[in-house]
Every structure is written in structure tokens, then in C-alpha cells.
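K.L.:
Give me coordinates for this.
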Amino acid sequence: MSGSLLHAGAVIGCPHGGRATPVTTPSGGVRVEGVAVATAAHAYVVTGCPHTVDDVPSPCVCVRWTATDTGVTADGAPVLLDTGAAQCFSAALVPQGPPVVQAAQRKVTVR
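P.N.:
Okay, here's the model as predicted:
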């Protein structure tokens, strides 16, 4: 799998318009433009999701990434790629669709 490395400053959202941010800012030694690279060790929380099911609020609350075996790690954990498999979940852990990663200029590509 190929793709661009995600970093702590990447703009990521849920499919309904909420904003996904790292629970803790990655602080490892591997950086892209001075910002830490995101890895499978980092959890993401979603805020501001307006999703409803049958008029009952069911917002996305987290994003779970499936780390791919690219062979590239940072601080001992697989790096996250903009093309990697991920899913947004509700508080009841119901899958609600893949996150949307804003297109950005590719700085580091993994092939």
C-alpha cells in the first residue's frame, strides 16, 4: 500500500462533517515539516458530528485506523497513511463510515 504519511496537523473529519483530532498530540522523534508523524499508537476523537439516525443523535466519536504492514514504523509503531483503512464509530461502537482526509501536498510518500 502506498500513500502519504499522516501527521498531527493533518485535517481529518468524519463523513458527516465532524472534526477528528488526536487524543494526545504525537510527540515522537519522526517529524514532517516539524510536526510529529501519526502512528497506530495514537487515538483520534471526533467532535462536532451532526449525524442522526431516525432523528436520534448518533454522532461519530472516534476514528480507528487499521495499521497496514508497510514496514515503515515511527517510534516502534506502524505509521498511518492517508490511504489507510479507517472507520468512524459512534459511542455505541457502530461503524459510521470512513474518515475524510483533506487532500494536502504530499511531503513524504510510502511505497
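K.L.:
Show me the shaky parts of this protein.
P.N.:
Regions of the chain meeting the criterion pLDDT under 70 cover residues 1, 25-28, 68, 103-111.
K.L.:
wait, isn't residue 77 in contact with residue 40?
P.N.:
Yes. The pair residue 77 / residue 40 is scored as a contact, 5.0 Å apart, by Cβ atoms under 8 Å. Every C-beta, even on glycine, is put in place using the N, C-alpha and C of the backbone.
K.L.:
which residues do those two both contact?
P.N.:
residue 67 (Cβ atoms under 8 Å, 6 or more residues apart in numbering).
K.L.:
which residues touch stretch 74-81?
P.N.:
So stretch 74-81 is contacted by 1-6, 28-30, 37-42, 65, 67-70, 72-73, 110 (Cβ under 8 Å, 6+ apart).
K.L.:
Now that stretch - C-alpha only, CSV.
P.N.:
Taking C-alpha atoms only, stretch 74-81 is exported to CSV below (Å, rounded to 0.1, in the frame of the first residue of the first chain):
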residue,chain,number,x,y,z
ALA,A,74,8.0,5.6,13.8
ASP,A,75,8.9,5.2,17.4
GLY,A,76,8.2,1.5,17.1
ALA,A,77,4.6,1.7,15.8
PRO,A,78,3.3,1.5,12.2
VAL,A,79,2.8,4.9,10.6
LEU,A,80,-0.6,6.0,9.4
LEU,A,81,-1.1,6.8,5.7
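K.L.:
mind listing what's buried in that stretch?
P.N.:
The neighbour-count check on stretch 74-81 (16 or more other Cβ atoms under 10 Å) flags 74, 77-81 as buried.
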